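Q: fold the stuff below for me.
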Amino acid sequence: MRADAARNIEKVLSTGARLLAQDPTTTIAAIAAAAEVDRRTVYRRFESREALLAAVYEARLDAVEAAIREARLTEAPVAVALHRYAEGIIRVNRDWPVELQRMRADLTIRDRRAEFSAQVAAFVQRATDEGLFRDDLPEGWVDSLLRNIVHLASLEFPGIEPAQAADFAVESLLRGAGRE
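A: Alright, predicted model coming up:
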């Protein structure tokens with residue numbers, strides 16, 4: 001694919017992610033207009049809104065995969081990996097916003113999402129084994145808390161840069177919001 005064509009597709013995907021997250025009924029024509037490309041360009045690559053949405057999900061999963069890889073969840077010291085993970089996923093959530101319930105219902109990406117979830121769960125277990133997290137909490141508690149805090153930091157506080165949002169997310173996860 002030519003460089004300009006690749007840039008156009010990337011722009012269509014990122015614009016599509018943003019617009020479809022805001023309004024799941026957004027048309028391909030509206031996405032093309034917002035991405036400043038001809039509607040025919042979009043239709044040549046994506047036969048339907050559903051095909052475009054599937055490509056958005058794949059692009060988001062590619063970004064999640066890169067964030068997990070860059071966090072080095074199995075190699076880096078757990079505190080470093082935790083912060084890298086939080087910052088990376090905050091960036092992904094901001095760059096690739098999607099309606100998560102709808103994405104989770106897409107069976108074509110279920111296995112890939114499950115693989116990422118397993119990697120994060122294994123990291124949380126490693127962090128627990130190394131003493132970063134309490135070991136007396138119900139199974140899955142910290143994993144779920146991590147995902148929700150990162151999600152909150154991603155979308156509820158868009159004015160905070162990802163690195164600082166990751167600082168707040170990790171601090172809140174490790175120490176809570178109380179004074180003690």
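Q: can you tell me the closest non-neighbouring residue to Pro162?
A: Ile90 (4.5 Å; C-beta to C-beta, 6 or more residues apart in numbering). Every residue, glycine included, has its C-beta placed from N, CA and C.
Q: so which elements touch the strand or helix carrying Thr15?
A: Here Thr15, judged by DSSP states H and E, is contained in helix 3-22. Packed against helix 3-22 by the contact rule (3 or more C-beta pairs under 8 Å, 6 or more residues apart in numbering; DSSP states H and E) you find helix 28-35, helix 39-45, helix 49-71.
Q: buried sites along stretch 34-42?
A: The neighbour-count criterion (16 or more other C-beta atoms under 10 Å) identifies 35, 37, 41-42 as the buried residues of stretch 34-42.
Q: closest to Asp143 out of those residues?
A: Of all these, Asp143 sits closest to Ala35, with 35.4 Å by C-beta to C-beta.
Q: please name the nearest non-neighbouring residue to Ala163.
A: In space, Ala163 is closest to Glu87, 5.6 Å off (C-beta to C-beta, 6+ apart).
Q: was I right about the one you found contacting Glu161?
A: No - counting by C-beta atoms under 8 Å, Glu87 sits too far from Glu161 to count as a contact (9.4 Å).
Q: quick one: which of these two has more around it?
A: Between Glu87 and Glu161, Glu87 has the larger neighbour count (other C-beta atoms under 10 Å), namely 24 against 13.
Q: three-state assignment of that one?
A: helix (DSSP: H, G, I helix; E, B strand; the rest coil).
Q: quick check: it vs Pro24, distance?
A: 28 Å (C-beta to C-beta, to the nearest Å).
Q: Trp141 too?
A: Taking C-beta to C-beta, one finds Trp141 at 31 Å from Pro24.
Q: now the nearest residue to Leu52 once chain neighbours are set aside: phi and psi?
A: Leaving aside its sequence neighbours, Leu52 sits nearest to Phe46 (C-beta to C-beta, 6+ apart; 4.1 Å). Here the main-chain torsion angles of Phe46 (degrees, to the nearest 10) amount to phi -130, psi 120.
Q: next, count neighbours for Phe46.
A: Should you count by other C-beta under 10 Å, Phe46 turns out to have 21 residues around it.
Q: my guess is it meets Arg40, correct?
A: No - contact status for Phe46 versus Arg40: not in contact, 11.3 Å apart, counting by C-beta under 8 Å.
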